[in-house]
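**Q** 3D model of this:
(one chain, ligands or ions: 1)
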Amino acid sequence: MKVSIQGVSKSFDQIVAVDDVTFDIRDGELFFLLGPSGCGKTTVLRLIAGFYAPGAGDVLFDGQSVNNVPPNRRNTGMVFQNYALWPHMTVAENVAYGLDVRGVSRAEKQRRVRDALAIVRMSELADRSPTQLSGGQQQRVALARALVINPGILLLDEPLSNLDAKLRLETREEITRIHSETRQTMLYVTHDQKEALSMADRVGIMNAGRLVQVGTPHEIYRTPNSRFVADFIGEMNFIEGRVEHAANGEIAVATAYGVLVVHGNGFQPGQTVTCGIRPEALTPTRDGGTRNLIHATVQRATYLGEIEHYTLTLSDGRSLRALETNPDVVRRFGEKLTLTVRPEDIILLIQ
Ligand code: ATP
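**A** Numbering: from 1, shown residues only. Below you'll find the model as predicted:
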């Protein structure tokens, strides 16, 4: 099922939780809403589920407005961070619950519960009580319970946040596998950028009630459209400058630390810009090239074997983060380094 959010706003008293948000979740897509705490992600999810009515705009399922359809008629499945399983029912009974209330025949119910437990790889534990399961197993039962009703969209609200780091990784892979096997349309809400980058077909980034960018994980990471997105996803150094020269897809930006050549179009000489440089794009020079050289002093070097992280200071005392893969030396405090960055790895942002 395709879900469209068109110009949707929602306020609680004086607080604008969702502010004129428009986006589509395509049929079969695993779509992520990502943003800091309080940015409005859960409110969007609840507007889709029907727990809230939009103050303005429309929620459409396959092109039909569902604004006046109550939650129990919307055919959405939900998975929460706290599993919400019935402790007095077995795993199979928990999964069957949604079918019982829908009056599905006994034979069909058995078949669908069996299939749903097989998808989440919990068939062996069908007769256990949820109290005898690990957090990861309980979350898989909650997934089976939501999938068994064949929802038009599965809504997942921070589903991994109660799990420890190892289980979180495992369950992340499970959800990705289940999505690729079922092509179930899913909306997944999180503030964990690693979850979003590693799992999503597309990601919508929210800030203060607004949807500020939608794209694939690669697009969001490589071409953030604002300083907020650049900073929120991954790590980023920001260096201010002024466009000196722009021609043939190359832009020369004068900065306090020298001229940086950037690949791009659409900038004019004289424009004030910010160069965004990811730490992994900034690395000590090996061959002493002549372009995009930045001189800095090592404040701290953290050697991790396959990688070395650097915190450096620039000539005016500003801090910079860089890293080196396959490092052959351990750098010392106070050591002078010349770093370089490829023109295609600098993100130019308008100030
Ligand atoms: P988190 O990651 O912390 O769950 P979120 O991005 O999901 O945050 P929302 O829960 O959608 O954010 O909340 C958005 C804003 O709306 C917040 O300022 C929140 O305090 C407010 N809000 C949400 N629900 C209600 C409510 N029922 N009544 C009043 N204010 C609310």
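
**Q** hang on, isn't Q268 packed against A246?
**A** Yes - assessed by CB atoms under 8 Å, Q268 is found in contact with A246 at 6.4 Å. For glycine as for every other residue, the C-beta is placed from the backbone atoms N, C-alpha and C.

**Q** neighbour count: those two, which is higher?
**A** Higher neighbour count among Q268 and A246: A246, with 19 against 8, using other CB atoms under 10 Å.

**Q** part of a strand, is the more buried one?
**A** Yes - checked against DSSP: H, G, I helix; E, B strand; the rest coil, A246 lies within a strand.

**Q** report pLDDT for it.
**A** We have a pLDDT of 93 for A246.

**Q** which strand or helix spans the residue nearest to it when sequence neighbours are not counted?
**A** Once flanking residues are discounted, A246 sits nearest to F267: 5.0 Å by CB to CB, 6 or more residues apart in numbering. Under DSSP states H and E, no helix or strand contains F267.

**Q** F267: how many residues sit nearby?
**A** For F267, the neighbour count with other CB under 10 Å is 16.

**Q** confidence score at it?
**A** Looking at F267, its pLDDT reads 93.

**Q** over to K10?
**A** K10 carries a pLDDT value of 97.

**Q** hmm, it is touching Y52, no?
**A** Yes - K10 is within contact range of Y52, at 5.9 Å (criterion: CB under 8 Å).

**Q** between these two, which has more neighbouring residues?
**A** Taking neighbours as other CB under 10 Å, K10 and Y52 compare with K10 leading, 22 against 19.

**Q** can you confirm the more buried one is in a strand?
**A** Yes - per three-state DSSP, K10 lies within a strand segment.

**Q** right, is stretch 208-218 up against the ligand?
**A** No - Stretch 208-218 lies out of reach of the ligand by CB under 6 Å from any ligand atom, never closer than 6.9 Å.

**Q** run through the residues that contact the nearest residue to Y221 once chain neighbours are set aside.
**A** Of all residues not flanking Y221 in the chain, I233 sits nearest, at 5.7 Å (CB to CB, 6+ apart). Residues in contact with I233, defined by CB atoms under 8 Å, 6 or more residues apart in numbering, are 34, 193, 197, 205, 220-221, 224.

**Q** now do E181
**A** Neighbour list for E181: I119 [criterion: CB under 8 Å, 6+ apart].

**Q** for the strand or helix carrying it, list the C-alpha coordinates in CSV.
**A** Here E181 sits within helix 165-182, counting by DSSP H and E. Extracted C-alpha coordinates of helix 165-182, given in CSV (Å, rounded to 0.1, in the frame of the first residue of the first chain):
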residue,chain,number,x,y,z
ALA,A,165,23.7,-3.4,21.6
LYS,A,166,24.3,-6.9,20.3
LEU,A,167,20.6,-7.8,20.1
ARG,A,168,19.9,-4.5,18.5
LEU,A,169,22.3,-5.3,15.7
GLU,A,170,20.8,-8.8,15.3
THR,A,171,17.2,-7.6,15.3
ARG,A,172,18.1,-4.8,12.8
GLU,A,173,19.3,-7.6,10.4
GLU,A,174,16.1,-9.6,11.1
ILE,A,175,13.8,-6.7,10.2
THR,A,176,15.8,-6.0,7.0
ARG,A,177,15.6,-9.7,6.1
ILE,A,178,11.8,-9.8,6.8
HIS,A,179,11.3,-6.6,4.8
SER,A,180,13.2,-8.0,1.8
GLU,A,181,11.3,-11.3,2.0
THR,A,182,7.8,-9.8,2.4
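
**Q** name the next helix or strand downstream of it, please.
**A** Next element after helix 165-182 (DSSP H and E): strand 186-190.

**Q** could you point out the helix or strand that follows that next one?
**A** Moving toward the C-terminus from strand 186-190, the next helix or strand (DSSP H and E) is helix 193-199.

**Q** direction included, what does whichever helix or strand comes after that next one pair up with?
**A** Next in sequence after helix 193-199, counting helices and strands by DSSP H and E, comes strand 202-207. If you go by DSSP bridges, strand 202-207 pairs up with strand 30-34 (parallel), strand 210-215 (antiparallel).

**Q** among those, which is nearest Q64?
**A** Of all the strands paired with strand 202-207, it is strand 30-34 that lies closest to Q64, at 19.1 Å by CB to CB.

**Q** do the closest one and the ligand meet at all?
**A** No - Strand 30-34 does not reach the ligand (CB under 6 Å from any ligand atom); its nearest approach is 8.0 Å.
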